[in-house]
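*Asks:* Predicted structure and sequence below. I'll ask about it afterward.
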Amino acid sequence: MFDQLTVREAIAGSYTLVSNSLSLFLNKADARAPLYVFWLMTYRCNSKCLHCNWVVKNMTTEKLNEELVSKERLDVANQLAKSKTFGVTLSGGEPLLVREIFEVIKILKRAGKRVNVCTNGLLLEDNMDKVLKAKPDCITISLDSPNPEIHDKIRGGNGYFEKTISGIDILRKSRQKKNPKIIIKMTISKENIESIEEFLERFRGICEHITFQPVQNNLIHQVPDEGILFDKSEYGLFKRKMDDLMSKYPFMNNSYYKNMADFLFNPDSLLKTGKFRCLLSSAYSVYIDPYGNVKPCLGLASAGNFKESGIIKIWKSRENCRLQQKMRDKGNNCICWAYNNLFNQYLVEAFKILKGK
Ligand SMILES: C[S@@+](CC[C@H](N)C(=O)[O-])C[C@H]1O[C@@H](n2cnc3c(N)ncnc32)[C@H](O)[C@@H]1O
Ligand code: SF4
């Protein structure tokens with residue numbers, strides 16, 4: 001995602017990074033823009049994953065009618081294009097169900113933003129020409145098992161594995177100079193933990209990067225059925241699996257994977273040691289939900305709606321600053337685990353030194 005930056009992108013990104021860091025350390029809300037934006041374009045989806053409650057909760061006709069309409073989504077894109085934001089992830093629900101997504105990508109790309117699309121891959125094949133013409137920098141594709149039956153069981157539909165794999169194959173054949181980059185992402189749960197190594201061996205040759213996210217039930221992600229979560233008794237199995245993978249695959253040898261078992265089975269231990277504080281999301285990124293609400297964290301209240309005032313005005317607002325401060329407060333016992341949060345652990349150290357704590 002971050003390789004091959006143009007000089008212009010690198011300078012603009014560094015400037016926003018410094019401005020976000022200053023606002024974090026000075027506890028002020030005057031950063032020029034969020035470095036990164038996670039935009040959930042819709043909650044509509046063509047899958048019904050065992051681990052995902054967003055779709056179950058938000059796919060009623062009433063809720064879908066509240067989502068932004070085409071013109072408003074293009075307005076969001078134009079506002080982001082004009083801002084000093086470095087990059088945007090377009091996700092959902094299933095973002096490829098949003099008709100104007102390709103126009104959105106083009107607007108962002110014309111403005112020099114890095115664009116990542118996070119998809120279940122089911123509609124990739126049918127939309128390949130449009131995807132390639134829009135030129136996103138990266139496509140992150142969810143794949144939950146090397147075994148078609150298990151993937152289909154987790155994702156809630158027959159033939160889903162084959163459809164997603166076929167999308168990846170065609171993307172690989174049609175793209176030029178490995179653009180867009182392909183990231184494959186597995187959500188680890190009880191259903192697939194045993195097949196992680198097989199997964200790596202099978203798919204690492206067909207993408208630029210593989211990432212694993214543990215199944216979570218917190219303010220950001222909720223599961224519809226807790227049966228998909230790990231039992232407390234599975235700590236040893238999980239920990240051994242991760243240690244084994246970290247010794248075999250150097251790219252996994254980092255604190256994100258090292259602390260994953262503790263995050264899942266005993267998150268309090270991470271909070272107590274001070275190894276985790278929510279610094280990254282609270283200072284460097286923002287979410288836009290399908291209704292246009294701008295939130296420092298999906299699990300928190302909205303700092304404002306883009307229909308009422310602009311995204312950057314909301315980002316710089318007192319309310320956004322208040323919510324950000326709440327997130328990084330030492331008493332905040334909320335913890336989530338995403339690959340980006342790896343940087344949290346470096347930030348925690350820097351924060352301690354700079355604040356003299
Ligand atoms: C919400 S989906 C949206 C994009 C697209 N529909 C997809 O599946 O990739 C983004 C990612 O969140 C993951 N996810 C959903 N529910 C989760 C949960 N309870 N815990 C952890 N990850 C979850 C999905 O597996 C997927 O990789
Ligand atoms: S994880 Fe993605 S594909 Fe699965 S139900 Fe949720 S939004 Fe849809």
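*Replies:* Sure, I can see it. Numbering: from 1, shown residues only. Ligands and ions are numbered 1, 2, ... in the order given.
*Asks:* Helix or strand: which one has the closest residue to residue 85 other than its chain neighbours?
*Replies:* Excluding the flanking residues, the one nearest residue 85 by Cβ to Cβ, 6 or more residues apart in numbering is residue 33, at 4.7 Å. No exception for glycine: its C-beta is placed from N, CA and C like everyone else's. Using DSSP states H and E, residue 33 is not contained in any helix or strand.
*Asks:* and residue 156, what does it touch?
*Replies:* Residue 156 sits next to 47, 48, 49, 50 when contact means Cβ atoms under 8 Å, 6 or more residues apart in numbering.
*Asks:* Touching, residue 111 and residue 82? I think so.
*Replies:* Yes: the pair residue 111 / residue 82 is scored as a contact, 7.2 Å apart, by Cβ atoms under 8 Å.
*Asks:* Lowest mean pLDDT among the helices and strands of this structure, which one is it?
*Replies:* Scoring the helices and strands of the chain by mean pLDDT, DSSP states H and E places helix 342-355 at the bottom, with a mean of 70.
*Asks:* Mind listing what's buried along that helix?
*Replies:* Under the neighbour-count criterion of 16 or more other Cβ atoms under 10 Å, helix 342-355 has 344, 345, 347, 348, 351 buried.
*Asks:* closest to residue 92 among those residues?
*Replies:* residue 344 (24.5 Å; Cβ to Cβ).
*Asks:* how close does the closest one sit to ligand 2?
*Replies:* According to Cβ to the nearest ligand atom, to the nearest Å, residue 344 stands 23 Å off from ligand 2.
*Asks:* Also residue 246?
*Replies:* 26 Å.
*Asks:* ok, and the closest non-adjacent residue to the residue of the stretch 251-357 of the chain found nearest ligand 2?
*Replies:* Nearest to ligand 2 in the stretch 251-357 of the chain, going by Cβ to the nearest ligand atom, is residue 290, at a distance of 11.2 Å. Leaving aside its chain neighbours, residue 290 sits nearest to residue 67 (4.4 Å; criterion: Cβ to Cβ, 6+ apart).
*Asks:* ok, now residue 335?
*Replies:* residue 267 (4.8 Å).
*Asks:* ok, that neighbour - how many residues close by?
*Replies:* 18 (other Cβ atoms under 10 Å).
*Asks:* cool, the one 3 residues further on as well?
*Replies:* Around residue 270 there are 17 other residues, counting by other Cβ under 10 Å.
*Asks:* which residues touch it?
*Replies:* Applying Cβ under 8 Å, 6+ apart, we find residue 270 in contact with 259, 262, 263, 276, 335.
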